[in-house]
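Colleague: One predicted model, sequence on top.
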Amino acid sequence: MEKQAKIYVAGHRGMVGSAIVRELERQGYHNIITRTHHELDLTRQVDVERFFAEERPEYVFLAAAKVGGIEANQSALADFMYDNMILEMNVIHAAWKNGCKKLEFLGSSCIYPRMAPQPMPESCLLTSPLEKTNEAYALAKISGLKYCEFLNRQYGTDYISVMPTNLYGPNDNYHPTHSHVLPALIRRFHEAKVSGAKSVTCWGDGSPLREFLYVDDLANLCVFLMNNYSGNETVNAGTGKELTIRQLTELVAKVVGYEGEILWDPSKPNGTPRKLLDVSKAAALGWTYKTELEDGIRLSYADFLNNPMRAER
């Protein structure tokens, strides 16, 4: 990307989009276009096409999405599928119609099969059934990835996709029921510490294995790939390291300073047993993560404490 190129970051107020804006500015890109949801509803095709026709962005980072944890995904299956599919199709299609030089689509590691080989290589996509608890979201993200691939094959575009592992960091969603596991744990342990609760009960049995990537590291990879990668196959974004949910809860409790008992409710779903990404492709391109998990959790907890309005969502 040229330093003065016009760059549109879709979803700039979210955790991923805001991190991409920070990284672009850090690297000297300042001709950045953004729109809030109030200014531009990406689910409205006519509005999206008008925006692209007027602004003509040269590069697009598509980080906008409707996201949530297991409970949110299970309770709003249709909403997660429709909102994500329609907004990504609108943006990708409008970018193509208006001659965008390059687009980067942000997905999720949940696109891979429930029982995928571990670590999960990019090539295992669509080789067996998906995890049911986030199937709707996964199908929407797979559609966006494939649409980018098919535009490349049919029209010679240069559209790429990135599939991050579980993310966390500044501007995360700390909602008590609609957030992902790590920010949800930060909020729960903080509230338990403040209230003096003797115990905290967590979902499942704590056995699933998960990988976590600090969002600023992802943003660094996103800009790196926009400048250094072209291809139809997606690129995994992760650390290549994993731990159990039980270990994660203990680590979050330690960082927050909660000293009560941690209990488990096995009647609640665990989700996919294991989700570790094969990050050898990113490594071969010359990229690796920088932020270790405990350091990242400390940064995230500071963000939670310094942004009380975000804690109320």
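Modeller: On my side now, so go ahead. Numbers count the residues shown, from 1 in each chain.

Colleague: who are the neighbours in contact with Y289?
Modeller: By C-beta atoms under 8 Å, 6 or more residues apart in numbering, Y289 lies in contact with L213, Y214, D217, G238, T239. Using the backbone N, CA and C atoms, a C-beta is placed for each residue, glycine as well.

Colleague: which helices and strands sit right next to the helix or strand where the first one lies?
Modeller: When secondary structure is defined using DSSP states H and E, the element that contains L213 is strand 212-214. For strand 212-214, the helices and strands in contact under the criterion 3 or more C-beta pairs under 8 Å, 6 or more residues apart in numbering; DSSP states H and E are strand 166-168, helix 293-306.

Colleague: Who are the packing partners of the shortest one?
Modeller: It stands for strand 166-168. Using 3+ C-beta pairs under 8 Å, 6+ apart: strand 166-168 touches helix 15-26, helix 181-195, strand 212-214, helix 215-228, helix 293-306.

Colleague: Would you mind finding the most buried of those?
Modeller: strand 212-214 (a mean of 24; mean count of other C-beta atoms under 10 Å).

Colleague: average pLDDT across that strand?
Modeller: In this model, strand 212-214 has a mean pLDDT of 98.

Colleague: related to what we said a few turns ago, which two among the contacts of Y289 are spaced furthest apart?
Modeller: Spatial extent of the contacts of Y289 (C-beta to C-beta) is set by the pair Y214 and G238 at 10.9 Å.

Colleague: Helices of this structure, start to end?
Modeller: Here the chain has its helices, by DSSP state H, at 15-26, 45-55, 70-75, 77-97, 135-155, 181-195, 215-228, 245-256, 280-285, 293-306, 308-311.

Colleague: How about residues contacting the fifth one?
Modeller: By C-beta under 8 Å, 6+ apart, the list of residues contacting helix 135-155 from outside reads 62, 66-67, 73, 77-78, 80-81, 84-85, 88-89, 92-93, 96, 103, 105, 107-108, 110-111, 125-126, 130-131, 157-161, 163, 232-234.

Colleague: Ok, the second one next?
Modeller: Under the contact criterion C-beta under 8 Å, 6+ apart, helix 45-55 has outside partners 6, 8, 33, 35, 40-42, 86, 90-91, 94-95, 97-98, 100.

Colleague: if we go to 7 Å?
Modeller: Y8, I33, R35, L40, D41, L42, N90, V91, A94, A95, K97, N98 (C-beta atoms under 7 Å, 6 or more residues apart in numbering).

Colleague: Would you mind listing where the stretch 51-200 of the chain has pLDDT under the threshold?
Modeller: Counting by pLDDT under 70, the stretch 51-200 of the chain contains low-confidence ranges at 68-76, 177.

Colleague: and with 50 instead?
Modeller: Counting by pLDDT under 50, the stretch 51-200 of the chain shows no low-confidence range.

Colleague: which residues are in contact with the strand holding L213?
Modeller: 164-169, 182, 237-239, 289, 291, 293, 296.

Colleague: Please identify which of the contacts of Y289 is nearest to S300.
Modeller: Looking across the contacts of Y289 and measuring by C-beta to C-beta, the closest to S300 is Y214, at 8.2 Å.

Colleague: Show me what the closest one is bridged to.
Modeller: Y168 (DSSP bridges).

Colleague: Give me the neighbour count for I111.
Modeller: 26 (other C-beta atoms under 10 Å).

Colleague: Kindly apply the preceding question to C124 instead.
Modeller: The burial count for C124: 17, using other C-beta under 10 Å.

Colleague: G107 versus that one, what's the distance?
Modeller: From C124 across to G107, the span is 14 Å (C-beta to C-beta, to the nearest Å).

Colleague: was I right about V235 contacting Y229?
Modeller: Yes: under the criterion of C-beta atoms under 7 Å, V235 makes contact with Y229 at 6.3 Å.

Colleague: more neighbours, these two?
Modeller: Between V235 and Y229, V235 has the larger neighbour count (other C-beta under 10 Å), namely 23 against 18.
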